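Enquirer: dropping a prediction and its sequence here:
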Amino acid sequence: MMKTNKSKKVMVAAVLVMSMAFSGLASAADMKTIKKDGMELVQLRQAAKMYDYSIMWDSKDRSVTLMYMGKMDDMKMKDDMKMNDDKMMEDDKMMEETMMPAGKTIKLWIGSKKIMVDGMQVNLKSMPVIYEGNSYAAESVIKQYMMPAMGMK
């Protein structure tokens, strides 16, 4: 009987973890998008809100800066959460503890294919644009640099 209760608890915990891990992905489909030159562009303000980034507009250089504002514990893996040599996570750690954004600070310039991700320059295939007063960037920017990156493969 004791074993069954423990199995049920483990199963419930696993379902909760998976629902939290994939809830952001499911709602990503709800983000406002536009098409420009055959590319899908996503509204940056919505993406920032979804993934816990602050967003700042600089009118002087027409740039958008996104800074991750989640818990600082999310930004680094604590010693007790690090993977061992065979890349297995400790059994008592929950999966969402290893989810971190791919970039802590992202700066995009409207009309430029270059962006900065944590101080490193990256070139994009399409330029961020302003449409109806909102900034938009390629969906790949959201997927590669903002969405939570899993700490384990």
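Expert: Ah, there it is.
Enquirer: just checking, Pro101 touches Gln144?
Expert: No. Applying CB atoms under 8 Å as the test, Pro101 and Gln144 come out as separate, 10.7 Å apart. (C-beta placed from N, C-alpha, C; glycine too.)
Enquirer: which of the two has more neighbours?
Expert: Pro101 (21 against 15; other CB atoms under 10 Å).
Enquirer: contacts only, for that one.
Expert: 51-53, 68, 70, 74, 145-149 (CB atoms under 8 Å, 6 or more residues apart in numbering).
Enquirer: is there a quick ChimeraX command that grabs whichever of those residues are buried?
Expert: In ChimeraX, a selection of the buried entries from the contacts of Pro101 looks like this (16 or more other CB atoms under 10 Å):
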select :51,52,53,68,74,145,146,147,148
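Enquirer: got the contacts of Pro101 as TSV, with distance to Tyr136 and pLDDT columns?
Expert: Supplementary listing: the contacts of Pro101 in TSV, determined by distance: CB to CB, whole Å; pLDDT from 0 to 100:
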residue	distance to Tyr136	pLDDT
Tyr51	16	89
Asp52	20	91
Tyr53	15	93
Tyr68	20	92
Gly70	23	76
Asp74	26	45
Tyr145	15	90
Met146	13	88
Met147	16	80
Pro148	21	75
Ala149	22	59
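Enquirer: ok, Ser140 to Gly70 distance?
Expert: 22 Å (CB to CB, to the nearest Å).
Enquirer: check Ser112 too.
Expert: Taking CB to CB, one finds Ser112 at 27 Å from Gly70.
Enquirer: and what about Lys35, helix, strand or coil?
Expert: strand (DSSP: H, G, I helix; E, B strand; the rest coil).
Enquirer: from memory it sits against Leu41, does it?
Expert: Yes. Contact criterion CB under 8 Å: Lys35 and Leu41 qualify, at 7.2 Å.
Enquirer: of those two, which one has the most company?
Expert: When Lys35 and Leu41 are compared on other CB under 10 Å, the one with more neighbours turns out to be Leu41, at 23 against 8.
Enquirer: ok, for that one, nearest residue in space, not its chain neighbours?
Expert: Take Leu41 and drop its neighbours on the chain: the residue closest to it by CB to CB, 6 or more residues apart in numbering is Tyr136, 3.8 Å away.
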